[in-house]
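Novice: What shape does this take:
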Amino acid sequence: MDEFASFAQARWRLLWRAAWLLTGDPQRAEDLVQGAFEQAWPHAHKLHTDDERGAYVYRVMTRLNLRSNRRRWHGEVPTETLPEVGERTDDALTTRISVSAALDALPVRQRTAVVLRYFADLTEQQTAVAMGCSIGSVKTHTRRALETLRGTPLLGDLVEETP
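Specialist: Modelled structure (predicted):
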């Protein structure tokens, strides 16, 4: 079990980043990764390599996210103080906000396919396993998501800049 613990420490940041892109919220991303580790832990003795562990944790994380989105409450969340909005915007921050907003607009399965394929750098087969669907479904979700992202006004300047 020490192997699983060292795997968790080594991959935490990468998995959190993928979870953050899946959920759009850093706190939910942390909960998602922790939940995935919690569910993967009892099966750790069956997972012999880091690749197997990574694939399994991505799969659990994806399923937890899809399940939570079915039950998600979309109401208001009260806060004590409102965040201050700065007048100065950084180009990297603006890009990050635009990409995050564009990803939020995608349906959950398309967003999941794009995040796993391009941000988590999984293959089509690994993404299909993580999502619990066929490779053809991954290709379809990815294609539709990219078409939507290319047409979104939030990313208009970014898409035109890339060759």
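Novice: Could you tell me how far the residue minimising distance to the centre of the chain is located from Leu103?
Specialist: Nearest to the geometric centre of the chain sits Leu22, at 2.7 Å (C-alpha atoms, centre = their mean). From Leu22 over to Leu103 the distance is 9 Å, taken as C-beta to C-beta, to the nearest Å. Backbone N, C-alpha and C define where each C-beta goes, glycine included.
Novice: Overlap of the contact sets of these two?
Specialist: Common neighbours of Leu22 and Leu103 are listed as Arg111, Val115 (criterion: C-beta atoms under 8 Å, 6 or more residues apart in numbering).
Novice: pLDDT weak spots in this structure?
Specialist: Low-confidence segments of the chain, defined by pLDDT under 70: 1, 69-78, 82-90, 156-163.
Novice: quick one on the thing from earlier: so what's the residue nearest to the centre of the chain up against?
Specialist: For Leu22, the contacting residues are Ala29, Leu32, Met61, Thr62, Asn65, Arg111, Thr112, Val115, by C-beta under 8 Å, 6+ apart.
Novice: Tell me how this structure divides into domains.
Specialist: 1-72, 91-163 (automatic domain parsing).
Novice: can you tell which of the ones you listed is closest to Thr81?
Specialist: domain 1-72 (16.8 Å; C-beta to C-beta).
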